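Asker: need coordinates for the following:
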Amino acid sequence: MSKRGRLLVFSSPSGGGKNTIINALRKRHPDWGYSVSVTTRAPRLGEVDGQIYHFVSREAFEKKIADGDFLEHEEVHGYLYGTLKSETLRRLKNGETLCFDLDVKGALHIKELIPEALLIFLKPPSKEILIERLRGRLTDSHEEMERRLERMDMELSLAPQFDICIVNDSLGRVVAILNEKIAQNAPTPTSR
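Answerer: Below you'll find the model as predicted:
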């Protein structure tokens, strides 16, 4: 029996808690990997290249598009984001469970390409709480925050297309429920 890799794709509006939930689940499952996206956005305070993102210029990103290096890529809030194809497929082939933090369109594109990917949407308890979370991050200019809020309705409208949709209102509760639901949706081993 060989173990197939798994893709766990997390989406939410900005400030929805994707990284917090992913980090909490990975503490429970230290063997789970993380898909490091490529972006044209500048690093925020404390972000290190290669940990959550590979930070590149727009020109370098567009060259990767032209070279077919991305499994998916999207422009979000004026910046480009993409998932490296070769890295993802290599890790999947090696049997790794891989967590993704993707925008909703990128997540749905992954599902088209890899139907067994498990899509997880984190809904905010309310728009007001989401706005409060974004303001509390102190990482975005007023203009950037407005761009993020403008996408919120579109992002929330796509939630029904995800395999799992959960209100992110309590870290412990959400992690416990997701841990159980992910286990219930585990693929069956295949023989080689």
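Asker: next SSE after the helix or strand bottoming out on mean pLDDT in the chain?
Answerer: Sorted by mean pLDDT, DSSP states H and E, the helices and strands of the chain end with helix 127-137, the least confident at a mean of 78. Downstream of helix 127-137, the first helix or strand assigned by DSSP states H and E is helix 142-157.
Asker: apart from its chain neighbours, what residue comes closest to M154?
Answerer: V104 (7.7 Å; Cβ to Cβ, 6 or more residues apart in numbering). (Glycine included, C-beta is placed from N, CA and C.)
Asker: my guess is that neighbour contacts E155, does it?
Answerer: Yes - if you go by Cβ atoms under 8 Å, V104 and E155 touch, sitting 4.9 Å apart.
Asker: and the helix or strand encompassing K63, what does it pack onto?
Answerer: In the assignment (DSSP H and E), K63 maps to helix 58-66. Packing contacts for helix 58-66, counted by 3 or more Cβ pairs under 8 Å, 6 or more residues apart in numbering; DSSP states H and E, involve strand 37-39, strand 70-76, strand 79-84.
Asker: flag the shaky bits of the protein, pLDDT-wise.
Answerer: Along the chain, segments meeting pLDDT under 70 span 1-3, 137-140, 187-192.
Asker: which residues touch the residue positioned nearest the centre of the chain?
Answerer: For the chain, D101 is the residue whose C-alpha lies nearest the centre (Cα atoms, centre = their mean; 1.3 Å). Residues counted as contacts of D101 (Cβ atoms under 8 Å, 6 or more residues apart in numbering) are F10, S11, K18, N19, I22, S35, S37, I52.
Asker: now flag whichever of those is closest to G95.
Answerer: Among those, S35 lies closest to G95 (Cβ to Cβ), at 15.1 Å.
Asker: quick one: that closest one and V104, what's the gap?
Answerer: Distance check for S35 against V104: by Cβ to Cβ, to the nearest Å, it reads 16 Å.
Asker: just L122 next, same as before
Answerer: 11 Å.
Asker: T88 too?
Answerer: In terms of Cβ to Cβ, T88 sits 18 Å off from V104.
Asker: tell me the two of the contacts of D101 that are most distant?
Answerer: S11 and I52 (15.4 Å).
Asker: these two: which is more packed in?
Answerer: S11 (26 against 18; other Cβ atoms under 10 Å).
Asker: ok, the residue nearest to M154 - contacts?
Answerer: Here V104 is in contact with S11, F121, M154, E155, L158, A159 (Cβ under 8 Å, 6+ apart).
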